[in-house]
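Student: I'd like to go over a predicted model; first the sequence, then the structure.
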Amino acid sequence: MSQRTDEDDARAAKVPLGHETLAAGVGLSAAVLFILSPWLVDRSGPDPFYKGPLIFPMIVLAITALSAVPAVFRVLRLRAVRPFHIDGHGFPGRAAFLFILMCLYPPAIAAIGLVAATFMAVLIGLLIVYRRSWQSLAVATVMALLVHLAFKTFLDIWFPAPWLFEMIEA
Amino acid sequence: MEFLAQGFSEAFLLSNIVALVVGTTVGIIVGVLPGLGPMVGMVVLLPFTFSLEPSVALSLLLGVFCGGYFGGSVPAILLRTPGVPSSIVTAFDGFPLTARGEAQIALSAALVGSLGGGLVSIVILVVLAPLLSHVAASFGPPEYLVAALFGVTLVVVSFRDQLSRGLLLLGVGFFLSTVGIDGPTLSARFTFGFWPMQNGFDLVALVLGIFGIGQSLLLLEQGILKTDKLDLGRNTLDFSRIVGTLRYWRTLLRSGVLGTFIGLLPGPGSVLASFISYDVAKRRSSDPDSFGKGNPEGCVASEAGNNAVPAGALIPLLTLGIPGEALSAVLLGIFTLNGIYPGPLLLIKEPELISTLYWSMLLINLIAFSMLALLLRPFAMIVKVPPAILAVCVITVSLIGIYAVNSRLFDCGVALAAGVAGYFLLRLGWPVVALIMGIVMGPIIEDRLRQTLSLGEGNPLFVFGRPVSLTIIALGVIVVCMPMIVALIRRPRRS
């Protein structure tokens, strides 16, 4: 068997604990939910425990919590010698920006309507992450039209009336 | 033969053909685009399937499923960047051929391999599904429960180096499926008094969030492909090269059979099918040293292996209701959303649907092959679309699609939260497939568990008294313990 060298130890010490911390966090949350589950599940029905609504959630939460036990031990043992970042690739700035923009998109549909919200979301998104204004404008226009055709004309989906326009009209 | 004739006319209906062409086109496009893949294509099209007939909806999604594998080989050969993970093996020989100015040979070999593998696997599916279905007809709830647990165990065990993470995500998936009103008892579970959660988390919102939004955010961070050296030789595939590839028919048949049987097992998936098919072809070749340096036989083996997986994965899905990986788990979701419950009785209850499915699979392979052979350049040029545009458009369509399913803005919030989780899980390389398996299989396993416990009057050991259950449990124990036993045996030898 090959012997561990100082180089191996040094490399191991640099492996971040982000994975373990995440796993431990999920596992601990599952453990808390497991303990609280009798109060978070309505057990007023007449069914015995083995037919009731609680048995399966308790089993799966126990599995989740138990599978995180090795990660919890690793975090506790190595927290002093290993960094806590996730993968060392830095903060995902563009992805974070796009995500925040897309969080505003569904409320924008309710406020200004499907076509206008889609046009704005795609345009602003592309101007920030792609930075070519004419192409962004073209893509935003095409997307707004396609979305209208696909979802309103073809699928006939109901979308809420834009309250902002209604308010201005009133 | 009568059974096959039932679905023939249905498969050739205009609506079905349109669905197949659209699905296959979308599949090839998302397959060609590195970073997206057939999963994103399938989940983005999900909301559009609710207004369609079940057979047409399934044809559309199967088109994406199979088309993705066809398309994935194109960037692997031209740019050494696989469109789908399993096409990495195709790049071993495909890219050296392109570098020598013989991209046409590599592309012909890959496409003939894909077509051959697909056709072989469909024949095996048609023969094997009724046999397995006949065996499964004797199953009761305990056998189904044990078989489903065996399936998810295989999936988790397949991530051998991430076993605890796989188990953790499976548990989280199971838990997410329990949120909301419990069907049999009408009890609220984990709703925290928040009424929109009473309907639970919508399957489409979770899957679209994880793959549609999560994968697109990741795509945005991965940067732009270098596509300057896109040398195809000509606009279409050279017919003489296609005919020339047929001399590898033995490799094609062997890899097709291997891929189908690997697809049949829950867990391993198309990457393993590609690797094993390639390895076997190399070992049996008279010139193994040429593999990895531009041997077209390597492209044939890899593509025949990975393109046989979809039909192979349909066998346990249709006969036992057990999906082998994330893509077939989504197909299972589509079946159940349409009120069709895969299992041994499916072939008896819905023979026309199953027969249509077989014909559709056959047509998808022919359509994908013809489209790529004739429209090679336009499809290859898709890799030049900037990832930023793709990411923004996919997320926008995903969010509207999620809203369209139930007309609830709450589902968009669920999808966005799932998107963040999906982004980090994909970025960290965690086995997301275990999470999807948990979400889809959760309600099925819970139902079977309740039925089994009711039969045993609360005693879970009751399953050990049934021979079929016991056999499946023994198989599961062997599969889980075998690698540990092998490692223990090998350790003293090494030392």
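Tutor: Cool, got the structure. Numbers count the residues shown, from 1 in each chain, chains lettered A, B, ... in the order given.

Student: contact partners of the helix or strand containing A:A117?
Tutor: Assigned by DSSP states H and E, A:A117 belongs to helix A:114-129. Here helix A:114-129 makes contact (C-beta atoms under 8 Å, 6 or more residues apart in numbering or on different chains) with A:94, A:97-98, A:101-102, A:104-105, A:108-109, A:111-112, A:132-133, A:135-137, A:139-141, A:143-145, A:147-148, A:151-152, A:159, A:162, B:220, B:388-389, B:391-393, B:396, B:400. Bear in mind the C-beta positions are built from the backbone N, C-alpha and C, glycine included.

Student: so where is the stretch 51-200 of chain B shaky, pLDDT-wise?
Tutor: B:81 (pLDDT under 70).

Student: please enumerate the strands of it.
Tutor: Assigned by DSSP state E, counting those that start in this stretch, the stretch 51-200 of chain B shows strands spanning B:180-181, B:188-189.

Student: isn't B:V207 right next to B:L332, touching?
Tutor: No - with contacts counted by C-beta atoms under 8 Å, B:V207 stays clear of B:L332, the gap being 11.3 Å.

Student: so for those two, which sits in the more crowded spot?
Tutor: Shown here are B:V207 and B:L332; by other C-beta atoms under 10 Å in any protein chain shown, B:V207 has more neighbours (26 against 23).

Student: tell me which helix or strand comes right after the helix or strand harbouring that one.
Tutor: Using DSSP H and E, the element containing B:V207 is helix B:203-207. Moving toward the C-terminus from helix B:203-207, the next helix or strand (DSSP H and E) is helix B:214-222.

Student: what sits against the closest residue to chain B within chain A?
Tutor: Taking C-beta to the nearest C-beta, chain B has its nearest neighbour within chain A at A:T64, 3.1 Å off. Residues counted as contacts of A:T64 (C-beta under 8 Å, 6+ apart) are A:26-27, A:30, B:167-168, B:171-172, B:175.

Student: who touches the residue nearest the centre of chain A in this structure?
Tutor: Among the residues of chain A, A:F99 comes closest to the average C-alpha position under C-alpha atoms, centre = their mean, at 9.5 Å. Applying C-beta under 8 Å, 6+ apart, we find A:F99 in contact with B:217, B:416, B:419-420, B:423.

Student: highest neighbour count among those?
Tutor: In terms of neighbours by other C-beta under 10 Å, those top out with B:G419 at 29 neighbours.

Student: name the helix or strand for that residue, please.
Tutor: helix B:409-428.

Student: near chain A, anything from that helix?
Tutor: Yes - contact check for helix B:409-428 against chain A, using C-beta under 8 Å from any C-beta of the partner chain: residues in range are B:409, B:412-413, B:416, B:419-420, B:423-424, B:427-428.

Student: please render the residues you listed as CSV that adds pLDDT to the earlier fields.
Tutor: CSV is the format used below for these (pLDDT from 0 to 100):
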residue, pLDDT
B:L409, 85
B:C412, 91
B:G413, 92
B:L416, 94
B:G419, 92
B:V420, 92
B:Y423, 90
B:F424, 88
B:R427, 85
B:L428, 85
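
Student: can you tell me which of those is nearest chain A?
Tutor: Nearest to chain A out of these is B:C412 (C-beta to the nearest C-beta; 4.1 Å).
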